[in-house]
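In: predicted coordinates and the sequence they were generated for:
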Amino acid sequence: MPRGHDVHARAERRIRQDHTDTASAEFEHQLLSDGVWEDVLEDTQLAQLEDAIATAENARERRRGELDDESEDHGLLVATAMDDLQNVVRKRVMELCAERAHRALEDGDQWLAENHFSAELVEDAQDEAAGWLHEHPNVCLRVFGTTHPSVLTDHEVTA
């Protein structure tokens with residue numbers, strides 16, 4: 001589902017610049033990195049979280065600007081809430097990586113059948129995807145409810 005046009009400018013900038021780069025850097029294989037780049041741009045949950053952070057940033061700046069009492073940082077509580085939200089954003093980006101890796105393992109045979117990619121490209125992407133999921137058990141547990149998703153059963157993890 002595409003995001004609406006109500007995405008805060010700061011949020012959109014962070015999603016396009018920071019999160020696409022962070023997610024893409026998790027993978028070396030182009031099929032995975034390009035795919036997760038698109039996933040990040042299209043994720044409505046990530047957009048909502050970043051909108052919340054951008055709104056909180058505006059509120060923090062407004063409180064600091066309107067309240068002259070220098071003995072207290074009036075934006076500190078808002079900043080603390082923003083830190084918590086940013087932790088959730090980082091987790092969401094990793095969840096999108098897990099979903100992309102899972103999709104590569106699950107859909108690779110279909111990509112081959114439909115001649116989207118060569119067998120070598122798909123196999124290399126699947127090897128990396130299996131390794132990524134194996135190396136991120138906590139993310140797998142959050143996303144799939146298990147540290148060893150069933151798609152890993154058919155894919156050997158090579159060191």
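Out: Noted; the coordinates are in hand.
In: element containing the residue nearest the centre of the chain, please.
Out: Closest to where the C-alpha atoms of the chain average out (Cα atoms, centre = their mean) is Val93, at 1.7 Å. Following DSSP states H and E, one finds Val93 within helix 76-113.
In: what is that helix packed up against?
Out: Helices and strands touching helix 76-113, by 3 or more Cβ pairs under 8 Å, 6 or more residues apart in numbering; DSSP states H and E, are helix 20-25, helix 30-42, helix 44-66, helix 119-135, helix 137-144. (Each C-beta comes from the backbone N, C-alpha and C, glycine too.)
In: lowest mean pLDDT across those helices, which one is that?
Out: Note on these: lowest mean pLDDT is at helix 44-66, with a mean of 83.
In: that one: how far from the chain's middle?
Out: Its chain's C-alpha centre and that of helix 44-66 lie 19 Å apart, by Cα atoms, centre = their mean, to the nearest Å.
In: could you do stretch 90-102 as well?
Out: Chain-centre distance of stretch 90-102: 5 Å, with Cα atoms, centre = their mean.
In: could you redo the helices and strands packed on helix 76-113 as JSON lines and give each row mean neighbour count?
Out: Listed next are the helices and strands packed on helix 76-113 as JSON lines, based on neighbours: other Cβ atoms under 10 Å:
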{"stretch": "helix 20-25", "mean neighbour count": "18"}
{"stretch": "helix 30-42", "mean neighbour count": "19"}
{"stretch": "helix 44-66", "mean neighbour count": "16"}
{"stretch": "helix 119-135", "mean neighbour count": "19"}
{"stretch": "helix 137-144", "mean neighbour count": "16"}
